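Novice: quick one, what's the 3D model for this:
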Amino acid sequence: SAQEDRDNFQSKLSPGLNLNTSLKDVTNNYDLVGVTVHSGQANAGHYYSFIKDRRGNSVTNANKNKWFKFNDTTVEGFEMTDENLEAECFGGKFKVKKKEGSSLPEERQRYWNGYILVYEARNDHKTPRTPKKSFSGTSHRRSVGPGMVRRLTMPPRISEPGGANQARESLSQLSDLLEKGEKRGIFTSRMPAPIERSIREDNLRFMQNRDVFSEDYYKFMYELTTANTYKHRSSDYKELCRESVNLAIQFLFNTYFHVRRRQRCVMADWVDAIEAVITVCPTASEWLVNYLSSDGLRYLKPYLLESSSRDVRQNFSQLLEKTLSSHIKHSGSSEINAVNGIVTHLVEMLVRDVPDNVKFSSQYFWSLLMFAQMGPPQCKQLFKLGTFEACFQFLTGVPLLEAAEEGDKNKQKQWTASQTREFGDLHALLAYLILSCDTKPFMSHNTVDERVPSTSTFPSTDLEKMPTQVSTLLYGPLASLYISETISACREMNSSLSLIIEMLAQVSFCCKSFSILVLEELMKQYNSVSSSELKNLSTLLVELLCISDPLQNDRLKFVIEGTKDLGVDGLLDLVQNNQNSDSCRAYQAVKCLVTASSKCSAVKDHLILEPTKWQWAVNWLKSKMSESSYWSPSTDSVLSNEDSSTRTFQRTTSAQVTLDEANAILAEFESDKDTAMDTNNDTDESQMKVDEKDWDLDSIDP
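Specialist: Numbers count the residues shown, from 1 in each chain. Okay, the predicted model is just below:
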């Protein structure tokens, strides 16, 4: 009926209104409580807001009715006056005091303007954001006291101790207040269904994230995963281990790697927990390899290359290495489809994905290196997959072809210094693959030993026939390019330096062509690079000088005496030529000879042929150590002639030890001085003649 329709409409109106009320009789006052400002132009810009704090009252909230400016992560107080409001929100033009000589106009346009204005009515019928009404009765007044307001307005962080429990308590108390408010008629109109549904979904999503990304959940998942590790006697042990690994992998890949405040020790614990299971349970190990070779392949790129977190990339690469090594241990082979599929995918990433993620590629190359170091069969497998030539082409930009020509060097790729720092394991991988090959067929001199006796990563029985791509690189026109890249990398390398040195020494053993290329490039860099980068070059030089083979005397002559044809100074000439301009380089040349002499008598014997030059070098070092500048052993922690960025020699304990050893070598020369000089005079004078004027001991400049 008409009356029923009228009553129905009346029930939907707000209290105080009826169907006979004129809109002119309804007046409401509104307060401005928020302004959203747009700064920029129509097609681009930035948003920030001014918001008035309306929470609580002046007793419980000291910032009540104060304005704040919210600009991204910055929140600062703002004095909302008419002048400031006009300047910040009204746009238009404004005048500035023009500086003398400035070409800018005095009147300028504001490019920021109020975009959204938020008002709040002053009547009592509005729905509050939080139950701010004081209920009648003492018990209700207590429930919204200072402690309650503090908990409702400033909930603790979930990550803080006890934060999760306090947050849940605040939510529970808020729900109780809302329920009581509805019973007392505070909320007179029902929230629209779509908004209510959206809020409920947001609350459920919040509670889910709160529980998933919490320390209690992490601890629960870890205990659940590791609970089955010790149940060896259970009939379902294999299945339990498999499910435990599955749970751990899914949690690590899909949850914890995405946590913003992830902890390095927690990730390491998860990797260790997975390793503990797959090491003792072949079934779990097989499942993990099969998973990573199928559905798990999608995780290789984001977690091994693209992740900006080094901890994530490092833990993922370690997990990958442990997975492959444990499965090879259980099965005895890496030629199975699952393992081969993972390694093949890794090699394909070198061409497809690594160039775009060079700055994060260190862990990728480490994974390939670890696979190669699992044994000769794994090195052979990498050769079959084309890893060697792919790595070289990635490093230099030059394709490694059997018919490669010298002109291909013009295509060489140039990497920045920050990028090349990620290539330590790439150089180590190439070196390790070369060490797995037999170099005897390419030796220019016969010898009893097939390898350098002092270093042998691979026994002679485990060596493989050298593949064509390796021989093409080492003994072809691209050898000098590879040697230059490798020696340059040695200057900044730490962990893999010994592997690179061993490779260069092994290939140089009894091979004249390769030895010449290595020594020429090494001495060129020793003469030209900064003295702060000579430490690793000296280590490499000592190892090459100590190789005992038919080419040793030629190496010693080249390094100690130098060659005028290439314009390269020997170590003794470096001492005199750099005594004033770069005394650090001169000192490191002396130290290199002293270290090599203490390791190999052949170096000491060759120095006998140059007694005047050697005595000059020792006396120069003695004069530098006797200078009046301050020095004490305690300063060694900050002073170093090998790592110093300056060219000035520093008096250190290490330098004193070097001087003592040099004097000891010089003392051994005294007894054989006449014989040594006679031997030197018998040699061809054109080879290396001492200029007595240049090497006058009185010419030393202290």
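Novice: output stretch 265-275 as PDB - backbone C-alpha positions only.
Specialist: Extracted in PDB, the C-alpha atoms of stretch 265-275 (Å, rounded to 0.1, in the frame of the first residue of the first chain):
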ATOM      1  CA  CYS A 265      71.300 -17.600   9.200                       C
ATOM      2  CA  VAL A 266      67.700 -18.700   8.800                       C
ATOM      3  CA  MET A 267      68.200 -19.400   5.100                       C
ATOM      4  CA  ALA A 268      71.400 -21.300   5.800                       C
ATOM      5  CA  ASP A 269      69.600 -23.400   8.400                       C
ATOM      6  CA  TRP A 270      66.900 -24.300   5.800                       C
ATOM      7  CA  VAL A 271      69.600 -25.300   3.200                       C
ATOM      8  CA  ASP A 272      71.400 -27.400   5.800                       C
ATOM      9  CA  ALA A 273      68.100 -29.100   6.800                       C
ATOM     10  CA  ILE A 274      67.400 -30.000   3.200                       C
ATOM     11  CA  GLU A 275      71.000 -31.300   2.800                       C
END
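Novice: quick one: that stretch to chain centroid distance?
Specialist: Put simply, stretch 265-275 sits 20 Å off its chain's centre (Cα atoms, centre = their mean, to the nearest Å).
Novice: quick one: average pLDDT of that stretch?
Specialist: What stretch 265-275 shows for mean pLDDT is 92.
Novice: got the buried residues for stretch 477-496?
Specialist: By neighbour count on 16 or more other Cβ atoms under 10 Å, the buried set for stretch 477-496 is 478-491, 493, 496. Where you see a C-beta, it was placed from the backbone N, CA and C, and this is true even at glycine.
Novice: tell me which of the residues you listed fall in helices.
Specialist: If you go by DSSP state H, these have 479, 480, 481, 482, 483, 484, 485, 486, 487, 488, 489, 490 in helices.
Novice: of all these, which comes closest to residue 118?
Specialist: residue 489 (60.6 Å; Cβ to Cβ).
Novice: where's residue 83 relative to residue 642, distance?
Specialist: Using Cβ to Cβ, to the nearest Å, we find residue 83 at a distance of 65 Å from residue 642.
Novice: correction: the previous question concerned residue 588.
Specialist: Using Cβ to Cβ, residue 588 is found at 7 Å from residue 642.
Novice: overlap of the contact sets of these two?
Specialist: 534, 535, 538 (Cβ atoms under 8 Å, 6 or more residues apart in numbering).
Novice: which one of residue 588 and residue 642 has more residues nearby?
Specialist: Neighbour count, other Cβ atoms under 10 Å: between residue 588 and residue 642, residue 588 has more, with 27 against 17.
Novice: got the buried residues for the helix or strand that contains that one?
Specialist: Per DSSP states H and E: residue 588 is located in helix 583-599. Neighbour counts over helix 583-599 (16+ other Cβ under 10 Å) mark 583-597 as buried.
Novice: so for residue 97, what's the nearest residue that isn't a sequence neighbour?
Specialist: Distances taken as Cβ to Cβ, 6 or more residues apart in numbering place residue 106 nearest to residue 97, at 7.9 Å, with adjacent residues excluded.
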